[in-house]
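**Q** curious how this folds, go ahead:
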Amino acid sequence: MSSVALDVPEETLIALKLDAASAAGELRLAAAVKLYELGRLSSGAAAALAGVPRVVFLAKLGELGASALRQSEAELVEDLRRA
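**A** Residues are numbered from 1 along each chain as shown. Sure thing, here's the model as predicted:
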């Protein structure tokens, strides 16, 4: 596994009310969610980045206001029409 260092201002930790270890986990999850939303990572790869099982990652998506579905509304309507 590779390691990436990220400097986080102390003010950010204070604003988040987190210690460095907790902030690291939250930042990993936030990055994983965004990269998943952008289609850059699969749900499995994003879960690995977040350090959680895939099913937990998918549950976290909803908690964070992100959709587990990548299809647009038009694509979903088309899929229903074909069914």
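**Q** what about residue 60, neighbour count?
**A** Neighbour count of residue 60, defined by other C-beta atoms under 10 Å: 18. (Each C-beta comes from the backbone N, C-alpha and C, glycine too.)
**Q** okay but it is in contact with residue 30, surely?
**A** No: the criterion here is C-beta atoms under 8 Å, and residue 60 misses it with residue 30 at 10.1 Å.
**Q** could you check how far residue 33 is from residue 60?
**A** Using C-beta to C-beta, to the nearest Å, residue 33 is found at 7 Å from residue 60.
**Q** identify the contacts common to these two.
**A** residue 50 (C-beta atoms under 8 Å, 6 or more residues apart in numbering).
**Q** what are the buried residues along the helix ranked longest in the chain?
**A** In the chain, with assignment by DSSP state H, the single longest helix is helix 20-37. Residues of helix 20-37 classed as buried by neighbour count (16 or more other C-beta atoms under 10 Å): 23, 27, 28, 29, 31, 32, 33, 35, 36.
**Q** just the C-alphas of that helix, formatted as PDB.
**A** Listed next in PDB are the C-alpha coordinates belonging to helix 20-37 (Å, rounded to 0.1, in the frame of the first residue of the first chain):
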ATOM      1  CA  ALA A  20      -5.700  14.100  13.600                       C
ATOM      2  CA  ALA A  21      -6.500  10.300  13.500                       C
ATOM      3  CA  SER A  22     -10.200  10.900  13.200                       C
ATOM      4  CA  ALA A  23      -9.700  13.600  10.600                       C
ATOM      5  CA  ALA A  24      -7.600  11.300   8.500                       C
ATOM      6  CA  GLY A  25     -10.500   8.700   8.500                       C
ATOM      7  CA  GLU A  26     -13.100  11.400   7.600                       C
ATOM      8  CA  LEU A  27     -10.900  12.900   4.900                       C
ATOM      9  CA  ARG A  28     -10.300   9.400   3.400                       C
ATOM     10  CA  LEU A  29     -14.100   8.700   3.400                       C
ATOM     11  CA  ALA A  30     -14.800  12.100   1.800                       C
ATOM     12  CA  ALA A  31     -12.300  11.600  -0.900                       C
ATOM     13  CA  ALA A  32     -13.600   8.100  -1.600                       C
ATOM     14  CA  VAL A  33     -17.200   9.300  -1.900                       C
ATOM     15  CA  LYS A  34     -16.300  12.200  -4.200                       C
ATOM     16  CA  LEU A  35     -14.100   9.900  -6.500                       C
ATOM     17  CA  TYR A  36     -16.900   7.400  -6.600                       C
ATOM     18  CA  GLU A  37     -19.400  10.200  -7.500                       C
END
